[in-house]
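Q: Predicted model, plus sequence, below.
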Amino acid sequence: MNKVKKAGALIFRDKSFLIVKPKNKPYFINPGGKYEGSESTLDCLKRELKEELGVEILSYNHYNTYNIPEAVHSGLPLSLELYKVEISGDIKPLSEIEETQWLSKEEFNSKKFNLAPSFNIFVPDLIKDELL
């Protein structure tokens, strides 16, 4: 069975992190996306964040990798590599992004946004590590 491999950006601001809602999709997800060909993590994140948000990467550090049984948009197993990313530029939804929001611990706990199910797997780690 095929597995989807994605690099996701954790962009933090004031104990919140950036989430994006793709056009014509029901759930908010992390900025980032699938690797293309043999591109590196940095190349994937640079390409996706430029396409989705019009920003540049200043730095990135691996946070954790999560193996999720079923990706919300494809139904295939998902390897979600999350990176803490520092950016430059003004965030603006481009191409396939309909909306951007900042997710705090309180908003996660109150279910303010319709989040992809994978958030239930990794957000508790962000809270435990006091990033939210």
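A: Yes, it's here.
Q: middle-most residue in this protein, spatially?
A: When CA atoms, centre = their mean is applied to the chain, the residue found nearest the centroid is Asn30 (1.7 Å).
Q: Hmm, Leu82 and it touching each other?
A: Yes: at 7.0 Å, Asn30 counts as touching Leu82 under the criterion of CB atoms under 8 Å. From N, CA and C alone the C-beta is placed, and that goes for glycine too.
Q: quick one on the thing from earlier: so what's the residue nearest to the centre of the chain up against?
A: Gly8, Ala9, Leu10, Leu18, Ile19, Val20, Leu80, Leu82 (CB atoms under 8 Å, 6 or more residues apart in numbering).
Q: Which two of those residues have the greatest separation?
A: Farthest-apart pair in the contacts of Asn30 is Leu18 and Leu80; separation 15.6 Å (CB to CB).
Q: Just the buried residues of the lengthiest strand in the chain, please?
A: For the chain, the strand with the greatest residue count under DSSP state E is strand 56-68. Residues of strand 56-68 classed as buried by neighbour count (16 or more other CB atoms under 10 Å): Ile57, Tyr60, Tyr63, Ile68.
Q: Please apply the same query to stretch 95-115.
A: Residues of stretch 95-115 classed as buried by neighbour count (16+ other CB under 10 Å): Ile97, Thr100, Leu103, Ser104, Lys105, Glu107, Phe108, Phe113, Leu115.
Q: of all those, which comes closest to Ile87?
A: When those are compared for distance to Ile87 (CB to CB), Thr100 comes out closest, at 12.2 Å.
Q: Could you look up the SS state of that closest one?
A: strand (DSSP: H, G, I helix; E, B strand; the rest coil).
Q: quick one, what contacts Glu52?
A: Applying CB under 8 Å, 6+ apart, the residues near Glu52 are Val20, Pro31, Gly32, Gly33, Pro93, Leu94, Ser95, Glu96, Ile97.
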